[in-house]
Every structure is written in structure tokens, then in C-alpha cells.
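Chemist: Prediction below, plus the sequence it came from.
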Amino acid sequence: MDEFERELRQALERRPAPPGLKRRLMAQRDANAARRGWHAWLRRAGYGRGWATATAALLLLAMAGGGVRWELDRRQEERRGEAAREQVLTALRITGHALNQVQTRLAEHDRQSEEGGR
Amino acid sequence: MAQDWQPDFERLVDEHQAMVYSLALRMTGDRGLAEEIAQDTFLELDKHLRSMKSEDHARWWLRRVAMSRATDALRRRRVRGMDLWVALNEQDGVTAEEKSSPLGARLEYLLTTLPEAQRGALILRYQEDMMPEEIAAMLDAPVATVKSNLQRGLKLLRAKALSQLKEFIRGA
């Protein structure tokens, strides 16, 4: 080994790791262990991939069911509103008809009174 | 003796964090990335802790994974078109090492201008004091290739040092 190689070896001495590297590493390791523990617990509880798929399917089904239910309710409300409107219109028609009859009778009564007076 | 050895993660971190960080730093030239690589390497070690047979095995494994991760990181950065060492110098300016040993810092910088294979071989040879046969076994490369990378790398580095660091080099 010549002088240059010795200089190179000296230049390439190991650098100290940045302060806090070990602390961050241990924290990350603990977090990973906790995550692995949670996954292991789920696996032990029989919650495997099949269960996850079934849960997702149930969730989707529930969401779809909720949507259908909401649409049915909306349509029923619409029908009720329509029926109420029809009832009001019918009542108005009847009232209008009754008023017409009253008006006709009053007019006839007035006419007969006038004829009698003469 | 080796049979009695039990892997202790925290102790392995204490003993080898400087080695792993230095390998990653000299391969990538990026302090943040080197720290990230060191962290990933040790977390990977944690997963494989039970398969570690001895202190030497753990050290060998850490060197191998750190070098491999650093090479992967360089590849990813190359795809993005970044020059890491330029980034390092621009961001950090003059380092503490450069203040205390200007020749060492400049040699270290010149090393980074070498091709990746030559740089890797020189780092393992002169930082980790590994023999060409050990480097070859670790990198899964033929011994002849490693020897050639060492010779060419050293020659190129010497030439660069001669032209750029005349005032410092005595034996170049």
C-alpha cells in the first residue's frame, strides 16, 4: 500500500451516524411491531383475507341497499305530494262549482224580486 | 462461540450504524438519502434477525443490503435525472470534515466522480478494509471484475488527484 492508498484509507474512515438516527430507527421499529401485532391479532381472531373481502362486500351491499331505500322513500314522498295536490285541486274545483251555483241562485232570486216589484 | 451468539437488534444498531450510514453516504452522496437507506437497512435486518448466525454474518449482511439499497437509490435518482453529489455540495457547502481535513474531503469528493462499480469497490476496499475476494462474494461478482474495478478506480482517482490536488498529494 503506497502513500496515496493510505491517504485514501484515511479519507474513507467511517463517518459517525447522524444524531438521532438510532432513536428514529427504534421508534419506526416499535411502530412496525405494533402494526404487525395488530395484523397478527386480526389473523389470530380469524380475520383473514376472506373475511376482509366479505366485510367489504357487506359494506357495499349495505351502501347499495341504503341508496335503493332512499330512492324508494323519495318516490313515495313524491307520490304523497302529488296526491295532496290533487286533493287540494279537487277541493278548489268543488268550492268553485258551489260558488257558481250560489251565484246563479242569487242572480235568479234578484231577477224574480225585480219582476215581482214591477 | 458462534452458536452462543444471540442477535441483539439494539446492539447491532449501536455497533454498525456508522458503517451502514457511511457506505450509503459515500455511494449516494446525499445525507438525507443515506440516513433513509440506513434506516431501511436496519429495519430489514429486524425482519431477518432470527436468521443471523453470528456477528460476522450480521456485519456481512448489513454491508450487502446497504450497498444494494444505495445502488437502487442511485438508479432511481438517475431515472429522475438528479446529480446527487452536486446537490450535496450545493446544499451543504463546506462540511465539518472538509474543515478538519481538506485533502480527505477532496479525495472523498473525487471518489464520487468515479463510475459506480469502481466507487463501490474502492469504498468496500478502503473504508471497510475488505479483500477483493470478500468484495466479490458480497457483490456476487467475479473476483477478476472486482480486481479490475479496484485497479481502474484507483488509477482514475490517482490521475484526478494528481491534476486537481497537487498541493496535497505526496505519493500520487
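Modeler: Alright, I've got the coordinates.

Chemist: Relative to the whole chain's centre, how far out is the strand or helix carrying A:Trp51?
Modeler: Per DSSP states H and E: A:Trp51 is located in helix A:49-117. In terms of CA atoms, centre = their mean, to the nearest Å, the centre of helix A:49-117 is found 29 Å from the chain centre.

Chemist: Need the mean per-residue confidence for that helix.
Modeler: In this model, helix A:49-117 has an average pLDDT of 92.

Chemist: Do the helix or strand containing B:Glu15 and chain A come into contact?
Modeler: With elements taken from DSSP H and E, the one containing B:Glu15 is helix B:9-28. Yes - using CB under 8 Å from any CB of the partner chain, helix B:9-28 reaches chain A at B:Phe9, B:Glu10, B:Val13, B:Asp14, B:Gln17, B:Ala18, B:Met19, B:Val20, B:Tyr21, B:Ser22, B:Leu25, B:Arg26. Any C-beta I mention is one placed from the backbone N, CA and C, and that applies to glycine too.

Chemist: For ChimeraX, write the selection for the buried entries among those residues.
Modeler: Here is the ChimeraX command that selects the buried residues among these (16 or more other CB atoms under 10 Å in any protein chain shown):
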select /B:9,13,17,18,19,20,21,22,25,26
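
Chemist: Columns pLDDT and distance to A:Leu58 on top of the residues of helix B:9-28 next to chain A, output as CSV?
Modeler: CSV is the format used below for these (pLDDT from 0 to 100; distance: CB to CB, whole Å):
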residue, pLDDT, distance to A:Leu58
B:Phe9, 93, 41
B:Glu10, 92, 44
B:Val13, 95, 44
B:Asp14, 95, 49
B:Gln17, 96, 48
B:Ala18, 96, 53
B:Met19, 97, 51
B:Val20, 97, 47
B:Tyr21, 96, 48
B:Ser22, 95, 53
B:Leu25, 93, 51
B:Arg26, 92, 54
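
Chemist: distance of the closest residue to chain B within chain A from B:Ala161?
Modeler: Nearest residue of chain A to chain B (CB to the nearest CB) works out as A:Glu3 at 2.5 Å. Note on A:Glu3: its distance to B:Ala161, by CB to CB, to the nearest Å, is 11 Å.

Chemist: Who has more neighbours out of these two?
Modeler: Between A:Glu3 and B:Ala161, B:Ala161 has the larger neighbour count (other CB atoms under 10 Å in any protein chain shown), namely 22 against 11.

Chemist: So for the helix or strand where the more buried one lies, mean pLDDT?
Modeler: Secondary structure from DSSP H and E places B:Ala161 in helix B:143-164. The pLDDT scores in helix B:143-164 average 93.
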